[in-house]
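Q: any chance you could fold what I've pasted below:
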Amino acid sequence: MLGGHVLALEVIAGQNLVVPSNRTPAGHYVLVSTSYGQWNTAIKAAMADCSVSWNETLTIRGSPLMFPMWLLPFFSRSSKEIRLEIRASFECGQMLGRGELVGTVETTLEQLLAHDGQSVSFRAIDNQRISLKLKARRKKVPYYDADGTMQCKIGLETDAARDAYTLFWRSNHHEHFHSAIEGFQAVLNQCPHGHAHRAAALSNLAHAILCGFAKTIESDIDHPINLFRSALTLRPRGHIDHPLSILDLCHALCKRHTHKKDHSDLREAADLYRSILPLCVEGSHLHQVVFDTNGIPYVIEQCNTLPSDPSDESISLRRTVLELCPPRHPHRAYSLNKLAGDLYARFERDGNKDHFYEAVHLSREALAVCRADDDQLSILPGVLSDTLGHRFNHHGDPSDLYERIALDIHLEALDLR
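A: You can find the predicted model right below:
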């Protein structure tokens with residue numbers, strides 16, 4: 001293609017990389033296709049604004065590569081066109097298939113080299129909001145090594161099923177749904193226990209079933225949850241795709257809770273979310289997904305609607321929810337108050353003073369962190385006042401009585417009681 005030269009193509013960054021099916025990706029990569037073969041960048045996680053920085057240089061060689069040319073029907077043998085596909089991968093490790101197409105950029109060798117090594121942004125032809133920043137230059141090399149990418153049979157079948165899945169997400173046509181299910185099931189049947197792609201195959205099938213359930217196609221929601229559990233077992237803590245499997249299972253548990261109202265789903269989702277909090281760096285795509293309205297906020301809000309309960313199970317759940325509400329979280333004050341309520345109920349049942357003292361401490365903290373415009377400001381002072389009154393009745397400490405009187409005066413002044 002370039003005689004004694006190769007094309008050094010630097011893939012810098014992409015913007016507005018929204019996945020069409022709305023499925024949470026492990027990351028994105030760029031697949032570069034020419035008439036001689038294909039090359040791809042590493043998979044990189046997106047930031048909260050759906051941007052990705054690759055900053056990776058690919059060496060595009062001009063001689064024929066060891067690559068099946070029937071996979072490139074959009075190029076003639078002498079073509080100088082270059083096609084770049086931005087794809088979402090649902091595995092950080094070994095990929096099953098090529099992932100989901102997010103956007104396509106088409107250009108030519110001449111257009112890339114015309115900018116004389118300067119970076120330039122190209123718009124995707126299928127979504128003008130998506131852009132890809134590139135930089136290209138000639139690079140002389142004394143020799144080359146054959147390179148290329150081979151697609152296996154199950155990878156191609158996965159890509160076909162994923163295309164059907166994306167079409168169903170957009171159109172709601174049932175034939176696309178059934179094609180996706182049949183395709184993903186066929187791939188799973190070819191990935192027995194011990195197969196490198198079994199976890200990915202399980203996850204793909206589970207996502208398709210869950211998508212159908214969300215779009216009112218009659219299906220058993222327990223089935224995708226069991227599939228996600230199996231995938232998570234194959235991706236234990238420390239596995240590169242462990243966080244993504246946690247998110248998949250949590251999403252399914254929350255979806256089942258909205259329909260069956262089984263509180264055990266909330267408890268499991270809360271514990272799972274807590275387990276990946278250390279990985280949720282602020283500003284990362286993972287942080288955005290975890291704290292999205294369908295993630296942790298749903299679990300917090302639903303848990304905080306549960307009635308007061310002095311059991312170990314309820315108190316443990318309240319403590320987990322509090323961990324999901326870091327300082328300055330909008331639900332922290334209410335979550336503190338709910339834990340205090342359970343501890344006070346436990347004190348009334350068992351008479352353990354430690355529970356009582358912790359309840360008072362938590363009520364004070366809840367009042368301290370409550371914002372001036374928070375609806376809870378009309379409730380928390382009264383709760384603390386009542387708790388202090390109970391402690392004074394039990395122990396006769398004058399400081400509790402003085403604090404309660406001060407709170408009552410404050411409430412009357414604000415006309416909140």
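
Q: C-alpha from now on. contacts and neighbour counts both.
A: Will do.

Q: not counting sequence-adjacent ones, nearest residue to residue 370?
A: Leaving aside its chain neighbours, residue 370 sits nearest to residue 333 (5.5 Å; criterion: CA to CA, 6 or more residues apart in numbering).

Q: residue 241 versus the one you found, what's the distance?
A: Note on residue 333: its distance to residue 241, by CA to CA, to the nearest Å, is 34 Å.

Q: show me where pLDDT drops low in the stretch 301-417 of the chain?
A: Of all residues in the stretch 301-417 of the chain, those with pLDDT under 70 make up the ranges 371-417.

Q: break down it into its helices, ranges please.
A: Shown for the stretch 301-417 of the chain, the helices assigned by DSSP state H, counting those that start in this stretch span residues 312-323, 332-350, 353-369, 380-395, 398-414.

Q: and residue 115, which of the three is it?
A: Following DSSP: H, G, I helix; E, B strand; the rest coil, we place residue 115 in the coil state.

Q: can you tell me the helix or strand for the residue nearest the centre of the chain?
A: Computing the C-alpha centroid of the chain and ranking residues by CA atoms, centre = their mean puts residue 289 first, at 4.1 Å. Applying DSSP states H and E as the criterion places residue 289 in helix 285-290.

Q: check residue 249 too.
A: Using DSSP H and E, residue 249 maps to helix 242-260.

Q: mind giving me the packing neighbours of the helix holding residue 289?
A: Counting by 3 or more CA pairs under 8 Å, 6 or more residues apart in numbering; DSSP states H and E, no packing neighbours are recorded for helix 285-290 among the helices and strands.

Q: can I get that helix in CSV? Just the C-alpha atoms.
A: This file holds the C-alpha atoms of helix 285-290, laid out as CSV (Å, rounded to 0.1, in the frame of the first residue of the first chain):
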residue,chain,number,x,y,z
HIS,A,285,-17.8,5.0,33.4
LEU,A,286,-18.1,2.3,36.1
HIS,A,287,-18.9,4.9,38.7
GLN,A,288,-21.6,6.5,36.5
VAL,A,289,-23.2,3.1,35.9
VAL,A,290,-23.1,2.0,39.5
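
Q: residue 168 touches residue 179, doesn't it?
A: No - look at residue 168 against residue 179 with CA atoms under 8 Å: they stay out of range, at 9.3 Å.

Q: looking at the two, which is more packed in?
A: Using other CA atoms under 10 Å as the criterion, residue 168 and residue 179 rank with residue 168 on top: 23 against 18.

Q: now that one, nearest residue through space, not along the chain?
A: Setting aside the residues directly before and after it, residue 168 is nearest to residue 176 in space (CA to CA, 6+ apart), at 5.1 Å.

Q: for the one you found, give me the pLDDT.
A: pLDDT recorded at residue 176 is 94.

Q: so it versus residue 277, what's the distance?
A: Computed with CA to CA, the distance linking residue 176 and residue 277 is 36 Å.

Q: of residue 333 and residue 241, who's got more company?
A: Neighbour tally, residue 333 and residue 241, criterion other CA under 10 Å: the higher count belongs to residue 333, 27 against 22.

Q: for the helix holding residue 249, packing partners?
A: For helix 242-260, the contact count by 3+ CA pairs under 8 Å, 6+ apart identifies helix 198-214, helix 222-234, helix 263-276 as packing neighbours.

Q: for it, give me every contacting residue.
A: For helix 242-260, the surrounding residues in contact (CA atoms under 8 Å, 6 or more residues apart in numbering) are 24-26, 203, 210, 221-222, 224-225, 228-229, 231-232, 235-236, 262-263, 265-266, 268-269, 272-273, 276, 290, 294-295, 298-299.

Q: output the below-cut-off pLDDT ranges for the stretch 101-250 of the chain.
A: Short version for the stretch 101-250 of the chain, where the test is pLDDT under 70: 141-152.

Q: give me that answer again for 90
A: Scanning the stretch 101-250 of the chain for pLDDT under 90 picks out 108-117, 137-153, 155-156, 170-172, 196, 214-220.
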